[in-house]
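# Okay, sequence plus prediction incoming.
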Amino acid sequence: MRYAAAVLCLLLFSLPAWGQVKVKGATNYAPFAPIILSASDVTSKKTHFLWDVSEGAKVKEAKETLYVWAPPGTYRVPLTAFWIDDKNEIQIERAR
């Protein structure tokens, strides 16, 4: 029982902070048109962004904006936003 409680505590404390960041953009685009997505409602001005796009897509990142050129299809584009707060702790927010 102690082992299960310890594992549960580790899992809870290692989970990222789910925050306010959102991905803004249209959900449908014309074939071969560039897809433009941006992070909005970002908690900190010191935020860094990690975008993850399905294979087969060409991307260009510009601060909180992501430009994607990809063949027609369905793509998932998760976003991880992170920054170091005033207590020198890493804060993480995620969106899709």
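Sure, I can see it. Residues are numbered from 1 along each chain as shown.
# For residue 25, grab the count of nearby residues.
By the criterion of other Cβ atoms under 10 Å, residue 25 has 14 neighbours. C-beta: built from backbone N, CA, C; applies to glycine.
# now it: how far from residue 59?
Noted for residue 25: a distance of 13 Å to residue 59, by Cβ to Cβ, to the nearest Å.
# now residue 24
For residue 24, the distance to residue 59 - Cβ to Cβ - is 16 Å.
# now residue 21
For residue 21 relative to residue 59 (Cβ to Cβ), the value is 18 Å.
# higher neighbour count, those two?
residue 21 (22 against 15).
# Is the closest residue to the more buried one other than its chain neighbours part of a helix or strand, or is it coil?
Spatial nearest neighbour of residue 21, chain neighbours left out: residue 93 (4.1 Å); criterion: Cβ to Cβ, 6 or more residues apart in numbering. State at residue 93, reduced to three classes by DSSP: H, G, I helix; E, B strand; the rest coil: strand.
# switch to numbering from 42
OK, 42 is where the count begins now, so the last one is residue 134.
# Verify the contact between residue 134 and residue 85 for me.
No: assessed by Cβ atoms under 8 Å, residue 134 is found out of contact with residue 85, at 9.1 Å.
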